[in-house]
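**Student:** using only what follows, build the 3D model:
(one chain, ligands or ions: 1)
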Amino acid sequence: MKAISVLGSTGSIGTQTLQISEEFPEQFRVVALTAGRNLDLLVQQIQRHRPELVALANADLLPELQQRLDDLGSDQQLPQLVGGPDGLNIAASWDSADLVVTGIVGCAGLLPTLAAIRAGKDLALANKETLIAAGPVVLPELKRSGSRLLPADSEHSAIFQCLQGTPWAENARLSTGVPTPGLRRIQLTASGGAFRDWKAEDLENATVAYATSHPNWSMGRKITVDSASLMNKGLEVIEAHYLFGLDYDHIEIVIHPQSIIHSMIELDDSSVVAQLGWPDMKLPILYCLSWPSRLETPWRRLDLTEVGQLTFRSPDPAKYPCMQLAYEAGRAGGTMPAVMNAANEEAVAQFLEEKIHFLDIPVVIEAACERHKADLISHPQLEDVLAVDQWARKAVREQVQRGTTRVPLAALAA
Ligand code: NDP
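**Tutor:** Presented below is the predicted three-dimensional model:
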């Protein structure tokens, strides 16, 4: 039985991980949970899964959580409660955990992820922002500790699964940014997000309600907005670069509205290998938990005759400037992806609070990246990443306060 620590247990990735653990009680046992603010759901999860440890990001909420658990009057053993950044690190490195699922959203997941790596834990990596912001810090730590990084993102799981069928499976395993031999090209598929059928000029009418309704996947709000702007795919390009060691010219994005092919790899002999399935995050999460085995599930089987057709098109750079910004930040390397990631997190937060328009998101990100060019650090340490992260958030907040001057989409793409 594998013991699991679930970081961000109250989120979309976290709840799906707990569902899997309930479906396979002989295989998985939950030993630690972390949450942000959702105490209602957390209390239910504690009752069902009886973890040894629970960490709350906001330590101020600990007394309320303690009270709620006391009020249950249950004779079940209560978990140890911890809070704040140290509490998250304790959950991430919890002694009895074999594997840590990183379902915290945003760069807030960075320090707990590093804590898990330093404790030598295997990781199911959902929290892509960690690798994007701090790839140059995380990869050497992985090498040092021997932790294995299993990608939970559906596209990277697909690539990882495709690589299992190659003679270099051992090498492709688990990601220290070293080029994977025989791997020539990666094609990341993208649903196209909430606005995939909109014309670029109609994005003037994009609202929070539209941007947070994804056609294929059910996910947290931040990643759903990232999908609508295609920033999510841009972040995944950088994630793929760090995971599989390919340069940016060999990582491509293709819009595939049905989300049945979860990504493809092209090998040296020109063969293309793909992984297919219904769009359901439980499958890549399960593969992380069960790897290198596969468990039999009662889940819906893929029927291509039901799907009918699989279609593909190139993403329109004029419509999706965030995608371009991500490629540019990835190519610049060093601290630039951390700046772009933090600027995006802040911009999306401002958009969700309706302080800026959807079309302002790339404008403020680009401005932050431009300003950072002169200060870019090519080989950053952790402190550098944390410092530029804070700087970029502040730069975006200040720009929003001043008011953005939106550039026409066509000019951004030029
Ligand atoms: P959600 O917003 O649904 O959940 C986020 C989780 O993180 C919640 O448990 C939340 O707690 C917690 N959290 C929020 N802020 C903080 C903080 N500052 N410190 C500690 N914990 C915090 O996000 P998702 O599950 O959608 O995404 C999680 C990660 O997985 C993201 O990095 C995303 O890019 C990635 N991912 C998600 C996919 C999906 O299908 N959802 C697919 C592929 C990748 P609370 O709610 O209690 O406040």
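**Student:** in this structure, which residue sits closest to the ligand?
**Tutor:** residue 11 (1.9 Å; CB to the nearest ligand atom). C-betas here are computed from N, CA, C, even on glycine.
**Student:** how about the residues of the stretch 201-350 of the chain by the ligand?
**Tutor:** 217, 219-220, 222-223, 281 (CB under 6 Å from any ligand atom).
**Student:** reformat the residues you listed as CSV; add secondary structure.
**Tutor:** Below are these laid out as CSV (DSSP: H, G, I helix; E, B strand; the rest coil):
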residue, secondary structure
217, coil
219, coil
220, coil
222, helix
223, helix
281, coil
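**Student:** just flag the most distant two among the residues you listed.
**Tutor:** 222 and 281 (15.0 Å; CB to CB).
**Student:** still on that earlier bit, residues touching the residue of the chain closest to the ligand, list them.
**Tutor:** Residue 11 makes contact with 103-105, 220, according to CB atoms under 8 Å, 6 or more residues apart in numbering.
**Student:** present those as TSV; the columns should include pLDDT, secondary structure and neighbour count.
**Tutor:** TSV is the format used below for the contacts of residue 11 (pLDDT from 0 to 100; DSSP: H, G, I helix; E, B strand; the rest coil; neighbours: other CB atoms under 10 Å):
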residue	pLDDT	secondary structure	neighbour count
103	98	coil	27
104	98	coil	29
105	95	coil	21
220	93	coil	17
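**Student:** can I get these in JSON lines with distance to residue 238?
**Tutor:** As requested, the contacts of residue 11 are exported to JSON lines (distance: CB to CB, whole Å):
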{"residue": "103", "distance to residue 238": "19"}
{"residue": "104", "distance to residue 238": "18"}
{"residue": "105", "distance to residue 238": "17"}
{"residue": "220", "distance to residue 238": "19"}
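**Student:** which two among the residues you listed are spaced furthest apart?
**Tutor:** 104 and 220 (10.3 Å).
**Student:** for this protein, just list every one of the strands.
**Tutor:** Counting by DSSP state E, one finds strands in the chain at the ranges 2-7, 28-35, 53-56, 80-83, 99-102, 122-125, 149-151, 183-190, 251-255, 261-267, 272-276.
**Student:** and residue 182, what pLDDT?
**Tutor:** Looking at residue 182, its pLDDT stands at 85.
**Student:** and the closest residue to residue 88 other than its chain neighbours, how far is that from residue 384?
**Tutor:** The spatial neighbour of residue 88 that comes closest, neighbours along the chain excluded (CB to CB, 6 or more residues apart in numbering), is residue 112 at 4.4 Å. Separation of residue 112 from residue 384 (CB to CB, to the nearest Å): 19 Å.
**Student:** tell me which of those two has more neighbours.
**Tutor:** Using other CB atoms under 10 Å as the criterion, residue 112 and residue 384 rank with residue 112 on top: 28 against 18.
**Student:** got a list of what residue 30 touches?
**Tutor:** Contacts of residue 30 by CB under 8 Å, 6+ apart are 3-6, 18, 21, 49-51.
**Student:** in ChimeraX, select just the buried ones from these.
**Tutor:** In ChimeraX syntax, the buried subset of the contacts of residue 30 is picked out as below (16 or more other CB atoms under 10 Å):
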select :3,4,5,6,18,21,49,51
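**Student:** and of the contacts of residue 11, the nearest to residue 56?
**Tutor:** residue 104 (12.2 Å).
**Student:** with adjacent residues omitted, what lies nearest to the closest one?
**Tutor:** Using CB to CB, 6+ apart, the nearest residue to residue 104 is residue 8, at 4.0 Å.
**Student:** hang on, isn't the one you found packed against residue 129?
**Tutor:** No - using CB atoms under 8 Å, residue 8 is not in contact with residue 129, being 11.8 Å away.
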